[in-house]
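Visitor: Pasting a predicted model and its sequence here:
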Amino acid sequence: VKATKSVKKPATEKEEGIEEYVANFTNDWAKKQVKEVSIPMLEHVHKWGEVKYEWSSDNSECTAKRVCTLD
């Protein structure tokens, strides 16, 4: 038996991936076997950008905004 595993589609934070397993047999009576397996989605990780401050025209209010750069 010669077995291989390959990633057909890597998993991302938004989609599952796909791995393919293939088994080739040396005996003529045995058929090639192929199986696809789902790879779970990656866990979301935050990488924060710089904080940006926006003041109102009379400086009575301030809004702070910090965005994840991986979104």
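Guide: Received the coordinates, thanks.
Visitor: For the rest of this, base every contact and every neighbour count on C-alpha atoms.
Guide: Noted.
Visitor: Does the residue of the chain positioned farthest from its centre lie in a helix or a strand, and which?
Guide: Here the chain reaches farthest from its C-alpha mean at D58, the gap being 44.8 Å by Cα atoms, centre = their mean. Assessed by DSSP states H and E, D58 sits outside every helix and strand.
Visitor: what does the model give it for pLDDT?
Guide: D58 carries a pLDDT score of 97 in this model.
Visitor: And the one 4 residues further on, by the same measure?
Guide: As summarised for this prediction, C62 has a pLDDT of 97.
Visitor: burial count for H46?
Guide: 11 (other Cα atoms under 10 Å).
Visitor: Name all residues that make contact with the nearest residue to it once chain neighbours are set aside.
Guide: Leaving aside its chain neighbours, H46 sits nearest to C68 (5.7 Å; criterion: Cα to Cα, 6 or more residues apart in numbering). By Cα atoms under 8 Å, 6 or more residues apart in numbering, the contact set of C68 is H46, K47, W48, G49.
Visitor: in the sheet, who's paired with C68?
Guide: Applying DSSP bridges to C68 gives these bridge partners: W48.
Visitor: ok, back up a step: possible to save the contacts of C68 as a markdown table with pLDDT and distance to D28?
Guide: What follows is these, written out as a markdown table (pLDDT from 0 to 100; distance: Cα to Cα, whole Å):
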| residue | pLDDT | distance to D28 |
| --- | --- | --- |
| H46 | 87 | 52 |
| K47 | 90 | 54 |
| W48 | 92 | 57 |
| G49 | 93 | 59 |
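Visitor: Sounds good, over and out.
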